[in-house]
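>>> 3D model of this:
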Amino acid sequence: MQMVRSWNTAININGEVGPYFRSSRGVKQGDPISPLLFNLAADALAGILDKAQRASHLKGVVGHLIPGDGVTHLQYADDTMIMV
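A predicted model of the protein is given here:
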């Protein structure tokens with residue numbers, strides 16, 4: 001949470017960027033930016049798992065049923081299942 005709380009922000013209005021200001025509050029549940037931050041983290045996690053599978057650090061399950069190297073993770077809404 002410290003990382004989210006300590007960023008600097010500027011607002012772009014009609015192509016002109018205003019002065020930077022420090023955020024004074026962290027992201028709370030129900031904040032409109034929460035889903036975006038969650039999706040960024042979930043997408044990064046999926047990328048890391050895909051890269052680990054391509055480098056043969058992870059082996060997917062049900063490889064005999066699914067073409068390729070099998071399934072290492074499933075993501076739906078706010079759930080992530082990692083199969084190792």
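>>> alpha carbons only for contacts and neighbour counts from here, please
Will do.
>>> Need the contact partners of the longest helix seen in the chain.
Longest helix of the chain, by residue count under DSSP state H: helix 34-54. For helix 34-54, the surrounding residues in contact (C-alpha atoms under 8 Å, 6 or more residues apart in numbering) are 27-28, 58-60, 69, 72-73.
>>> among those, who's most crowded?
Using other C-alpha atoms under 10 Å as the neighbour test, the contacts of helix 34-54 are led by T72, with 20 neighbours.
>>> State the phi and psi torsions of the closest residue to it other than its chain neighbours.
Distances taken as C-alpha to C-alpha, 6 or more residues apart in numbering put G60 closest to T72, at 4.4 Å, once the chain neighbours are dropped. Backbone dihedrals for G60, given as degrees, to the nearest 10, come out at phi -70, psi 160.
>>> wait, isn't G60 in contact with G70?
Yes. Judged on C-alpha atoms under 8 Å, G60 makes contact with G70 at a distance of 4.2 Å.
>>> hey, C-alpha coordinates of stretch 47-56 in PDB?
Output in PDB follows, covering the C-alpha atoms of stretch 47-56 (Å, rounded to 0.1, in the frame of the first residue of the first chain):
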ATOM      1  CA  GLY A  47       2.800 -12.600 -17.800                       C
ATOM      2  CA  ILE A  48       5.300 -13.900 -15.200                       C
ATOM      3  CA  LEU A  49       3.700 -17.300 -15.100                       C
ATOM      4  CA  ASP A  50       3.600 -17.500 -18.900                       C
ATOM      5  CA  LYS A  51       7.300 -16.600 -19.100                       C
ATOM      6  CA  ALA A  52       8.200 -19.200 -16.400                       C
ATOM      7  CA  GLN A  53       6.300 -21.800 -18.400                       C
ATOM      8  CA  ARG A  54       8.100 -21.000 -21.700                       C
ATOM      9  CA  ALA A  55      11.400 -21.200 -19.800                       C
ATOM     10  CA  SER A  56      10.500 -24.600 -18.500                       C
END
